[in-house]
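[1] Quick one, fold the following:
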Amino acid sequence: MNTKKFSGKVALVTGGTSGIGKTTAIEFARAGAKVVLTGRREKEGAQVVAEIKKLGGEAAFVRADVAKDADVKRIVDFTVDKFGRLDIAFNNAGVEWIGPLDQATEAEYRRIFDINVWGVLNSMRHEIPAMLKNGGGAIVNTSSVAGHVGMGQVSIYTASKHAVEGLTKALALEFAKQNIRINAVAPAGVATDMVDRFAGKEGEMRDYLTSLHPVGRIGASEEIAAAVLYLCSDDAKFTTGTSLVVDGGMLAQ
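    Sure thing, here's the model as predicted:
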């Protein structure tokens, strides 16, 4: 296997300061890509860039909020200005929500959809024109097992991830003939800060979450990163408009 399969490519990772985004940004760099990562936490972003540079890679961080159109435009413009092109985008920025129906307020709905849905749509709205200038590209959007099934107590989050699945399919069809491949990755529980906030690091809720995975554990961010890199590689050049479920068997039950 060529470990530098993304040599000469430029990758943009949103939500790249921690968890799946951080790990994927590092793995893109290991595989030879130049990486721009974004997020709202400058200290953590700088740490990821430093880690990539220590590995001998090239990277830059841009503080940005994907819910804001001007920020997303600035991210893409920065990437093209710094590295000359955009080949790959991992639209990973997202937030969680948990609560019963009577806690589903308009403010929470708008917050979740602004980031999880508009953030993904708006990212693609700016990324795709940049990719078309180089003759094509590959995009992966972070969905979830909650984008494939209904989940009680997480209604707004579930709805937002169903929307990501729909956006992925619709835009994959819209740009298929222009050599833009668009797919989603749909993790189940993964050991990240988000899952710690959702289920705690230990205790009854964490044990319950673990029990939902037939393999007997939750996933590692490296396992999701591997799926993303596959979808962005030439190994998946006939794959578009799909959602790769990486869930330890959860949805097979």
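
[2] right, and residue 180 touches residue 134 too?
    No: in this structure residue 180 lies outside contact range of residue 134 using Cβ atoms under 8 Å: 10.5 Å. Where C-beta positions appear, they are placed from N, C-alpha and C, glycine not excepted.

[3] more neighbours, the two?
    For residue 180 against residue 134, the residue with the higher neighbour count under other Cβ atoms under 10 Å is residue 180, and the figures read 22 against 15.

[4] List the beta-bridge partners for the more buried one.
    Here residue 180 shows beta-bridge partners residue 137, assigned using DSSP bridges.

[5] Enumerate every residue touching it.
    Neighbour list for residue 180: 128, 131, 132, 136, 137, 138, 139, 172 [criterion: Cβ atoms under 8 Å, 6 or more residues apart in numbering].

[6] And the strands in the stretch 101-250 of the chain?
    Along the stretch 101-250 of the chain, counting by DSSP state E, counting those that start in this stretch, strands occupy 137-142, 180-187, 243-246.

[7] and the lengthiest helix in the chain with strand 180-187, angle?
    Residue-count comparison of every helix in the chain, with assignments taken from DSSP state H, identifies helix 155-175 as the longest. Note on geometry: by axes from the mean of the first three to the mean of the last three Cα atoms, to 10 degrees, helix 155-175 and strand 180-187 are set 160 degrees apart in direction.

[8] what's in contact with helix 155-175?
    The set of residues external to helix 155-175 that reach it, using Cβ under 8 Å, 6+ apart, is 94, 96-98, 101, 104, 108-109, 112-113, 116-117, 120-121, 124, 128, 141-144, 146-148, 150-151, 180-184, 186, 240-241, 243.

[9] Let me see the mean pLDDT of it.
    Average pLDDT, helix 155-175: 97.

[10] Then stretch 18-32?
    97.

[11] One more: stretch 125-136?
    If you average the pLDDT values across stretch 125-136, you get 98.
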